[in-house]
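> give me coordinates for this.
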Amino acid sequence: MAVRKFHKNRFKSSGQNLSLRVILIREKKLIESNYDFLKCTIKQNKLICKGVVKPTEYSKEYSIRIDYDGINSPKVYIIEPEIEYSDDIHIYPKEGNLCLYHQETDNFYWDYRKHNIFDTIIPWALEWFIFYELYRITGKWEHPFKPHRTVKNEI
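The predicted model follows:
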């Protein structure tokens, strides 16, 4: 009787966590098999990947982190060097994560059942750093984007 109760409780609490864990493990394997500069771990039902990006041989190195909860769109953060927010660059003002696509203009809505980080988010993040390097040279964001600033209505 005690064994049956143990198994009942075990399966009852892990149903959804099991499918979430499968998603995170799949993403981890795909990322690590395609990008050797990223090291990934799964902690508290979150995939966390860290690595160093150097867009060109003349560029700075950027330490990045990718956070993914298995369902919502992954977020990419620059850990080092600190990049101060500016309305001119493609970073979200509140969280400081990279803006890699716009749902309406790019016609892309993250769907964990159809998309993978290794062939969407990571290539877009690597491209983001190229545009950031160009921004540092020209002072202009060269890729099309939607502004992130919040405009307050003045009366």
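
> tell me the pLDDT of the residue nearest to residue 99 when sequence neighbours are not counted.
Nearest residue to residue 99 in three dimensions, chain neighbours excluded: residue 90, at 4.5 Å (C-beta to C-beta, 6 or more residues apart in numbering). Placement of C-beta: from N, CA and C, glycine included. Looking at residue 90, its pLDDT stands at 87.

> contacting residues for residue 90?
Counting by C-beta atoms under 8 Å, 6 or more residues apart in numbering, residue 90 touches 98, 99, 100, 128, 131, 132, 141, 143, 145, 148.

> gap between residue 141 and residue 134?
Going from residue 141 to residue 134 by C-beta to C-beta, to the nearest Å gives 8 Å.

> isn't there a strand covering residue 130?
No. Residue 130 sits outside any strand when classified using DSSP: H, G, I helix; E, B strand; the rest coil, being helix.

> list the contacts of it.
Contacts for residue 130 (C-beta under 8 Å, 6+ apart) come out as 55, 56.

> and the gap between it and residue 68?
Taking C-beta to C-beta, one finds residue 130 at 23 Å from residue 68.

> need the three-state assignment for the nearest residue to residue 71 once chain neighbours are set aside.
Leaving aside its sequence neighbours, residue 71 sits nearest to residue 112 (C-beta to C-beta, 6+ apart; 5.3 Å). For residue 112, the assignment made with three-state DSSP gives coil.

> what's near enough to touch residue 112?
23, 70, 71.

> surely the second one is in a helix?
This points to residue 70. No. Assessed with three-state DSSP, residue 70 is coil; it does not lie in a helix.

> give me the phi and psi angles of it.
phi 90, psi -10 (degrees, to the nearest 10).

> that one reaches residue 26, doesn't it?
No. Counting by C-beta atoms under 8 Å, residue 70 does not reach residue 26; the two are 9.5 Å apart.

> those two: which has the busier surroundings?
residue 70 (20 against 15; other C-beta atoms under 10 Å).

> distance of that one relative to residue 138?
38 Å.

> do residue 33 as well
Separation of residue 33 from residue 138 (C-beta to C-beta): 36 Å.

> tell me which residues are up against stretch 45-53.
Contacts of stretch 45-53 (C-beta under 8 Å, 6+ apart): 17, 20-21, 24, 27-28, 31, 35, 37-42, 61-70, 74, 79, 117, 125-126, 129.
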